[in-house]
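Colleague: Sequence plus the predicted model coming up.
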Amino acid sequence: MALVTGAVLVGLAFLIVTSSRDQNVSWMLFAFNPRMWAIAIGLIGCLVAAPIVVGVRLRRADALVVSGAGLIESHRGVVLPATFVSWNEIERISLDTATPRPGPKFVVYYLTRGSVQRRGRTGPLARRIMLRTGFELSHRQLFELLSAAHTRYARQIR
């Protein structure tokens, strides 16, 4: 979107400059024209800053790898140690809020009691693993994908 917007701004700036040139307008008027300043700032934002930000964000992106064996998390393309969860270790997947109060919903998967003990997790929310942010899919799409995968693969592994 930023590149398309940048292209439109380039076209708009080109039209303004060519029409002003045909009317013999002084270049000093461009320096004090607020529209030209807005277009210049928009061009810098769309054609310079936006691609850099997108590149940095993709480089830092966390990923959730879904396979027939289970789920695993990775960061910058490197698998994070001890994040593999087999489909058999997941009891259920739900779309819940982070707190008991109404609010945004997140994908949550609940581990089985045996999995919690093997992993050494303690506390009242030890069974609950929440996927907060950083994924391409929306929470609802991610929930549907993980629910379908859990339904399909948990039966095959057992």
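Modeller: Nice, thanks for sending it over.

Colleague: Could you pull out the helices in the protein for me?
Modeller: For the chain, the helices defined by DSSP state H cover 2-22, 27-31, 34-44, 50-60, 113-119, 139-157.

Colleague: Report the buried residues of the shortest one.
Modeller: Residues of helix 27-31 classed as buried by neighbour count (16 or more other CB atoms under 10 Å): Phe30. Just so you know, the C-beta spots here come from the backbone N, C-alpha and C atoms, and that holds for glycine as well.

Colleague: what packs against it?
Modeller: helix 2-22 (3 or more CB pairs under 8 Å, 6 or more residues apart in numbering; DSSP states H and E).

Colleague: ok, and what's touching the helix it packs on?
Modeller: With contacts defined as CB atoms under 8 Å, 6 or more residues apart in numbering, helix 2-22 is touched by 29-30, 35-36, 39-40, 42-43, 45-47, 50-51, 54.

Colleague: Only whichever of these are buried, select them in PyMOL.
Modeller: Only the buried members of the contacts of helix 2-22 end up in this PyMOL selection, burial being decided by 16+ other CB under 10 Å:
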select buried, resi 30+36+39+42+43+46+47+50
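
Colleague: Same list, the contacts of helix 2-22, but as JSON lines with distance to Glu73 and pLDDT please.
Modeller: JSON lines is the format used below for the contacts of helix 2-22 (distance: CB to CB, whole Å; pLDDT from 0 to 100):
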{"residue": "Leu29", "distance to Glu73": "56", "pLDDT": "81"}
{"residue": "Phe30", "distance to Glu73": "51", "pLDDT": "75"}
{"residue": "Arg35", "distance to Glu73": "47", "pLDDT": "88"}
{"residue": "Met36", "distance to Glu73": "47", "pLDDT": "88"}
{"residue": "Ile39", "distance to Glu73": "43", "pLDDT": "92"}
{"residue": "Ala40", "distance to Glu73": "42", "pLDDT": "92"}
{"residue": "Gly42", "distance to Glu73": "37", "pLDDT": "94"}
{"residue": "Leu43", "distance to Glu73": "38", "pLDDT": "93"}
{"residue": "Gly45", "distance to Glu73": "32", "pLDDT": "93"}
{"residue": "Cys46", "distance to Glu73": "33", "pLDDT": "92"}
{"residue": "Leu47", "distance to Glu73": "34", "pLDDT": "92"}
{"residue": "Ala50", "distance to Glu73": "27", "pLDDT": "92"}
{"residue": "Pro51", "distance to Glu73": "27", "pLDDT": "91"}
{"residue": "Val54", "distance to Glu73": "22", "pLDDT": "84"}
